[in-house]
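Enquirer: Could you work out the structure for the sequence below:
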Amino acid sequence: MAMLYSTTTQVLQTCKVSPPPFASGDTTNILPCTFFDLIFMHFHPVQRVFFYDFPHSSHHFISSEFPSLKHSLSLTLSRFYPLAGCLLMQADGKPELVFSAGDSVAVTIAVSSDDFHELSSDLAREMSRFHVLLPKLVEKEVLAIQVTIFPNSGISIGTTMHHGVGDGATYTHFMKTWSAVHRFGELTAFSMVLPPFQDRSKVRDDRGLERLFMEELEGFNGGDGLDKWDLHGCNDVVLATFLFGRERVEKMKKKTLSNCSVSALACGYMWSCLVKTRKDMSKKMVHFGFVTGCRARIEPALPTNYFGNCLGICCVEAERSQVVDEERLVAAEAIWEVIKGLEKGVMEGADKWVSNVYKYASERAMTVAGSPKLGVYEVEFGWGKPKKVDIVSIERTGAISLTESRDGDDGIEAGLALPRHEMEEFVACFLNGFMEEI
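Expert: Got it, this is the predicted structure:
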């Protein structure tokens, strides 16, 4: 039975933050969307919440921090101005990211009476408690931000970003720039962090993927085909975090001959536990999906600071009976084999990327959001590093979220959203497997 919380979240104000006027005056800038962007155009927005300890009053934060937080955001948008723009459709149906002078990002400030320390823990927490910490996107806008104060305990920064405008690397590049500007000032921060690279002409489409993906997305009738992943609105959905520390990972590595990466081990274990939890014996084969960064793997290569999506879709298939075996490492080895196969060329099978996304959604396959390589715990505004970072939108995308360990021990944190009754079975499966290793 769901626990009821007598908490309130009160919105104090919503303001618009624009980048400073360009030196050239009123301008309109257009970024055409590439085939990489089209893959994620109908995905639900990506929503993250950063929790920071801040043991001061609401008045202290509003008077001393919030004005400079808005100012540093404005300065950051001078480099990341497309995030203040809108996604608009051309006559041929192709989307493009358009920024015009005066465009802005909506920033909401609120106060919550919820338990900050419990909400920022690893425990199974009701999804409804996160929903009030996140802003909604107004039609065509691509980024919204909400700052929530938990008086005398902490603050959260919740962001909602359209996946069609950028991947995790683009998002964390923006957040690290903003936090550096707020912490060190504009001149120092801009000397520390590269500006975004926005030249879309460098993305070659020798395979005609843009045309193919446009046709396929139209055939899939927008985003309807992704709904089987979506738990939003279901009763009693909870979000929990599972830790893979260095010691645990080393024990797992000894059980495999494939020298799997830490990410493959964590993903394989989570996949195995989910398949076992769902008990769907009608499926002989089960599936797992993840994305891989393509910036350095395509020709010509794109710089690490490229602004936009640049991810390839990777698919894993294995026999259910093997994935749920007692050792639970067959799943990790299957994932690792696909990762190693990327050495042959990341664009191999790219024409199937969109169709595979919809196929895996129809099967409710587990997928991955985020990556420990993104370094979300490096987003520090001057209040100390984040106490916790959660990707809340995994509730809608059938994914586990991956981040680096907040303790800096080379481990991984994996987030998962499930109905409470499934989560209880998943936790039991997860812990039982770990107990077998001791």
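Enquirer: Show me the contact partners of the helix or strand encompassing residue 332.
Expert: Per DSSP states H and E, residue 332 falls inside helix 330-341. For helix 330-341, contacts defined as CB atoms under 8 Å, 6 or more residues apart in numbering pick out 252, 256, 258-261, 264-265, 267-269, 271-272, 275, 288, 290, 292, 314-318, 322-323, 348. C-beta coordinates here come from the backbone N, C-alpha and C atoms, glycine included.
Enquirer: Just the buried residues from the residues you listed, in PyMOL please.
Expert: Burial among those is assessed by 16 or more other CB atoms under 10 Å; the matching PyMOL selection reads:
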select buried, resi 252+256+258+260+261+264+265+267+268+269+271+272+275+288+290+292+314+315+316+318+323
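Enquirer: Please flag which of the contacts of helix 330-341 sit within strands.
Expert: Counting by DSSP state E, those place 288, 290, 292, 314, 315, 316, 317, 318 in strands.
Enquirer: between these, which is closest to residue 387?
Expert: Nearest to residue 387, judged by CB to CB, of the ones in strands among the contacts of helix 330-341 is residue 290 at 27.0 Å.
Enquirer: in the sheet, who's paired with the closest one?
Expert: With DSSP bridges applied, residue 290 shows beta-bridge pairing to residue 314.
Enquirer: Give me the distance between residue 79 and residue 195.
Expert: In this view, residue 79 and residue 195 are 5 Å apart by CB to CB, to the nearest Å.
Enquirer: of those two, who's got more company?
Expert: Using other CB atoms under 10 Å as the criterion, residue 79 and residue 195 rank with residue 79 on top: 21 against 13.
Enquirer: Please report how far the more buried one lies from residue 296.
Expert: Counting by CB to CB, the gap from residue 79 to residue 296 is 22 Å.
Enquirer: for residue 186, same thing?
Expert: Separation of residue 186 from residue 296 (CB to CB) stands at 29 Å.
Enquirer: Compare these two (neighbour count), which wins?
Expert: Legend: neighbour count by other CB under 10 Å for residue 186 and residue 296, higher for residue 186 (15 against 11).
Enquirer: Hmm, residue 75 and that one touching each other?
Expert: Yes: contact criterion CB atoms under 8 Å: residue 186 and residue 75 qualify, at 5.0 Å.
Enquirer: what's the burial count for the nearest residue to residue 77 once chain neighbours are set aside?
Expert: Excluding its sequence neighbours, the residue lying closest to residue 77 (CB to CB, 6 or more residues apart in numbering) is residue 19, at 3.7 Å. By the criterion of other CB under 10 Å, residue 19 has 22 neighbours.
Enquirer: residue contacts, residue 19?
Expert: Contacts of residue 19 (CB under 8 Å, 6+ apart): 74, 75, 77, 78, 81, 84.
Enquirer: Secondary structure class of it, three-state.
Expert: Secondary structure, DSSP: H, G, I helix; E, B strand; the rest coil: residue 19 is coil.
Enquirer: domains for this structure, by residue range?
Expert: Listed domain ranges for the chain are 9-202, 212-437 (source: automatic domain parsing).
Enquirer: Would you convert those into a markdown table that also reports mean pLDDT?
Expert: Below are those laid out as a markdown table (pLDDT from 0 to 100):
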| stretch | mean pLDDT |
| --- | --- |
| domain 9-202 | 95 |
| domain 212-437 | 91 |
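Enquirer: and the residue lying closest to residue 131 once chain neighbours are set aside, how many residues sit next to it?
Expert: Among residues not flanking residue 131 along the chain, residue 392 sits closest, at 7.7 Å (CB to CB, 6+ apart). By the criterion of other CB under 10 Å, residue 392 has 23 neighbours.
Enquirer: I'd like the numbering to begin with 41 instead of 1 from here.
Expert: Renumbered: residue one is now 41, and that last one reads residue 432.
Enquirer: for stretch 405-424, how far is the first residue from the last?
Expert: One end of stretch 405-424 to the other measures 37 Å (CA to CA, to the nearest Å).
Enquirer: State the distance from the residue nearest to residue 117 to residue 328.
Expert: In this structure, residue 59 lies at 40 Å from residue 328, with CB to CB as the measure.
Enquirer: Flag every buried residue along stretch 135-145.
Expert: For stretch 135-145, by 16+ other CB under 10 Å, it's 135, 136, 137, 138, 139, 143, 144, 145.
Enquirer: Need the residues that contact that stretch.
Expert: 56-58, 61-62, 65-73, 77-78, 81, 113, 117, 121-130, 181-185, 204-205.
Enquirer: Over to stretch 305-320?
Expert: 282, 284, 289, 292-293, 296, 300, 326, 328, 330, 360, 363-364, 368-376, 406, 408, 440, 442, 452, 454, 456, 462, 465-466, 469-470, 473.
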